[in-house]
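Q: Structure, please.
(one chain, ligands or ions: 1)
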Amino acid sequence: MAYIVVATKNAHKVDEFRALIGDQNVELKSLLDYPDFPEIEEDGKSFKENASIKALAACKYCDVPAFADDSGLEVEALDGAPGIYSARYAPTGPERIEKLLKALDGKENRRARFVCVIAIAVNGEVIDTFEGEVKGRIADAPRGEGGFGYDPVFIPDGYDCTFAELPAEEKNKISHRARAFAKAMEFVEDQMSVLDNDFL
Ligand code: ITT
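A: Okay, here's the model as predicted:
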């Protein structure tokens, strides 16, 4: 079976992508399947740059088409922070959430958005990038056990519950990742020949 590599070590992202790919005749591998893969320095200045760095590194190392997801949470009242530094905002997940809630303490504006940029790399080149977003607001306290990262404090527009309280299928219908992935798939379907027919 043909396979593609997603350039991530985040098992939650892999699960979400597997669910998004569904029953297509393609196997999804990740950097968790390549334990010797060298650490990638994410020194880009944007989601797009970091996604491109990761996709290219995986494509070159694994010698197959690869894609990467660089994502994060942008909070309006914090001028877009933590943004591309979402994974590095504090040492652990609970500490990141605690720091975010503290930073928003007393602020009326709790608007935020999750952003995801997917980069696709084939034959040692990034061929395109795709962005998805989901808008919402930051809850007063963490709620729910599902998802990962900032999900317990993110309430998507149109809902009263956090991403962590939603069933995974529901998050996967409206998330920044799902939206970026839908755009990427549309492109891939149009460009099958460019991708050597090995990519889906
Ligand atoms: P890789 O670089 O290996 O893919 P990572 O987790 O470090 O894994 P990023 O650099 O893209 O990935 O950082 C994304 C961070 O943004 C992630 O660790 C979460 O803190 C947050 N984030 C992104 N998408 C999220 C989601 O769907 N739900 C909750 N938090 C999310």
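Q: Those residues of the protein touching the ligand, which are they?
A: Residues of the chain lying close to the ligand by Cβ under 6 Å from any ligand atom are 8-10, 13, 42, 69-73, 86-87, 114, 147-151, 163, 175, 177. C-beta here means a position set from N, CA and C on the backbone, and glycine is covered the same way.
Q: again, only using 5 Å
A: Applying Cβ under 5 Å from any ligand atom, we find that the chain lies next to the ligand at 8-10, 70-72, 86-87, 149-151.
Q: Could you list the low-pLDDT ranges of the protein?
A: 192-200 (pLDDT under 70).
Q: What's the nearest residue in it when you look at the ligand?
A: Gly149 (2.3 Å; Cβ to the nearest ligand atom).
Q: Figure out the helix or strand that that residue lives in.
A: Here Gly149 sits in a region with no helix or strand, counting by DSSP states H and E.
Q: just the buried members of the residues of the chain next to the ligand?
A: Buried by 16 or more other Cβ atoms under 10 Å: 8, 10, 70-72, 86, 149-151, out of the residues of the chain next to the ligand.
Q: where exactly do the helices run in the chain?
A: For the chain, the helices defined by DSSP state H occupy 11-21, 47-62, 93-104, 168-174, 176-190.
Q: okay, those in JSON lines with distance to Phe130 and mean neighbour count next?
A: Converted to JSON lines, these look like this (distance: least, Cβ to Cβ, whole Å; neighbours: other Cβ atoms under 10 Å):
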{"stretch": "helix 11-21", "distance to Phe130": "13", "mean neighbour count": "17"}
{"stretch": "helix 47-62", "distance to Phe130": "9", "mean neighbour count": "22"}
{"stretch": "helix 93-104", "distance to Phe130": "26", "mean neighbour count": "16"}
{"stretch": "helix 168-174", "distance to Phe130": "16", "mean neighbour count": "15"}
{"stretch": "helix 176-190", "distance to Phe130": "4", "mean neighbour count": "18"}
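Q: To Asp79, which of those helices lies closest?
A: Taking Cβ to Cβ, helix 93-104 is the member of the helices of the chain nearest to Asp79, at 10.7 Å.
Q: Report the contact partners of Tyr159.
A: Going by Cβ atoms under 8 Å, 6 or more residues apart in numbering, Tyr159 touches 136, 166.
Q: how close does it get to Glu16?
A: Per Cβ to Cβ, to the nearest Å, Tyr159 is found 18 Å from Glu16.
Q: Gly158: how many residues sit nearby?
A: Counted by other Cβ atoms under 10 Å, the residues lying close to Gly158 total 9.
Q: same question, the one 3 residues further on
A: Here the count is done by other Cβ under 10 Å, and Cys161 has 13 residues near it.
Q: got it, and Asp79?
A: 8.
Q: again with Glu165
A: 19.
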